[in-house]
Every structure is written in C-alpha cells, then in structure tokens.
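Novice: Sequence isn't available, so here's the structure alone:
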C-alpha cells in the first residue's frame, strides 16, 4: 500500500518529528520494463512488486505512539505522591490529644481535707470527755500494787450506737475489758495478749466521748486538763491512743493519722503512741502490720528501751 501524501501533509509530519520513507523515483525505462513484466502471465510478478510497496509504511507508524504514553505516565506518577501527602498531614493533628488526655491530673497528689475531731472553729478536744479508767485485765496477778510500777493507759473512742450483742458475742471474763465490743474487742484482746499484757497488773483503759453534733459547746472545756489529771493519778509508762479522732482530741492537732503515727508524742511527760482503731483494722487488714509495729514501740517505752 502506498502513501499518497501531498506537500502540506509531509510538512506536518516533519514538524511532528515523523520521518516518512518514500520510494525513490523510477526512470522511464524501468517503468516500461515493469509494465511488461506485469502484463505477462507469470505468477512471480506479483510477489516481487508487492513486498517493495508494503514493507516501508509500517516502520514510521510505531515511533509516534510511545512518546505520548511516556509523557502521560509521568504526570500520573507525579500526581500519585501529591495525593498521598494529604493523609499524612491529616494524621499529624491526631497525636496531640493523647498528650492532653494524660496531662498532669493523674499525677497530682490528692488533697487531704483535714476535719477537726470535734469542737467549733476546728479546736480539737473541745467538747470531749473522758471516762474513769478501768483495768483491762482484772484477773491479772495483783501481787504488786505500787503506784510507782507504771504500766499502760489505752485511750479509745467507743461506737456511738453500739449494736446489741448476744451473750456469746460479749467478751469473756478473762479477755480485755474495754469500751469496745464484738470483733473489735476480740482483735484488741489478741493484740494485747501477743505482747503478754494479760499477765500485767497495770493495764488501764479509758473511753473518750465526743459531744453530739448539735451540742452547745460555748461553755465546753477542753479534754487535755482532765487527761493530764488522770495521767498524774495513774502515772503509766506509756499512753496508747487508738484511732484518728481520739488522737486529734488528745494531742490537740489536725494532722493525718500517718503523720501522727510517725512522730513521737508526750502528754504530761508520758510517751504517747498513736495507732489504728481496731474497727478500722477489721475493714483494712493490710494495716495490721503497722498497728503491730506501733504496739511494739509502745511496749519498748514500758520496758525503758
């Protein structure tokens, strides 16, 4: 097949960079020879002329197809990264919220709201009263009755509304006789017996009572004078205070129980140890080890260690 291109079409193809291959002009003598051969009935004439005209056209058609494809692929490759960038940019703002959520609130220490033991204007010990002291183990050997012997004084606050107990739940005659009842009384008795105090003749207990919430405390007296008078009468070697409210009332302070337990105290010159209330130990058994350490320290005072 021959390409019949005029001068304008050739100029356009040349401007596009397409090379057109055309057969060289044939001389008149050669044209006459070819015509003679074509007119002859020989079957070989057709194969000779046909390949010369059909081989040239396919070669120039392939070059123009590849450049547009490469040029179209290049913008597509450039557009792909441009589309991948927005997800990376949108994911960055998501990182700050976890930092704001963690913040410092979780690491801030709890603020302990200290409440006064009793009394107006936060005066600890105001409106409290102390009952007469009693022997914790009345059946202990009483062969030595000297006032110089020393011993223990246990201060505690009984329950405001104690439950009614059956005879089986009441402390036995040989157990610790205090204002506590039920399981709290049994726990205190076991702790004192672990120190061997059931054999000591001078182990006293006195109950502390706070005024009702609606009581008029305008003319109430502080607890400390009555407590100091009792200490001068009994002259114990150590005072053991059970519970936070009792400790605040006795010491006249507003501190937390942990600080009151850690610091040494003296009331009228008598060493004083603060520890947990047995009712609290029933609710928090993990604190029994600390309570036992407090009792060991108090026992050391009675032995002069």
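Specialist: Perfect, thanks for sending it. Owing to the predicted nature of the structure, the values given are computational and were not obtained by experimental measurement.
Novice: Please make it C-alpha for all contacts and neighbour counts, starting now.
Specialist: OK.
Novice: in the stretch 1-150 of the chain, which segments are predicted with low confidence?
Specialist: Applying pLDDT under 70 to the stretch 1-150 of the chain flags the ranges 1-4, 20-123, 142-149.
Novice: at 90 instead, please
Specialist: In the predicted model, the stretch 1-150 of the chain carries pLDDT under 90 at residues 1-127, 137-150.
Novice: In this structure residue 184 contacts residue 278, no?
Specialist: Yes: the pair residue 184 and residue 278 qualifies as a contact (C-alpha atoms under 8 Å) at a distance of 5.1 Å.
Novice: For residue 217, grab the count of nearby residues.
Specialist: Residue 217 is flanked by 16 other residues according to other C-alpha atoms under 10 Å.
Novice: Could you tell me the per-residue confidence at it?
Specialist: We have a pLDDT of 73 for residue 217.
Novice: Check the gap between the closest residue in space to it that isn't next to it in sequence and residue 228 for me.
Specialist: Spatially, and ignoring its direct neighbours in sequence, residue 217 is nearest to residue 127 (6.1 Å; C-alpha to C-alpha, 6 or more residues apart in numbering). Remark: distance between residue 127 and residue 228 (C-alpha to C-alpha, to the nearest Å) = 16 Å.
Novice: Neighbour count: these two, which is higher?
Specialist: More crowded of residue 127 and residue 228, by other C-alpha under 10 Å: residue 127, with 25 against 16.
Novice: Straight-line length of stretch 230-248, end to end?
Specialist: 18 Å.
Novice: Would you mark the buried spots in it?
Specialist: 230-231, 234-248 (16 or more other C-alpha atoms under 10 Å).
Novice: In strands, which of the residues you listed fall?
Specialist: Among those, the members falling in strands (DSSP state E) are 238-242.
Novice: how close does residue 243 sit to residue 219?
Specialist: Remark: distance between residue 243 and residue 219 (C-alpha to C-alpha) = 26 Å.
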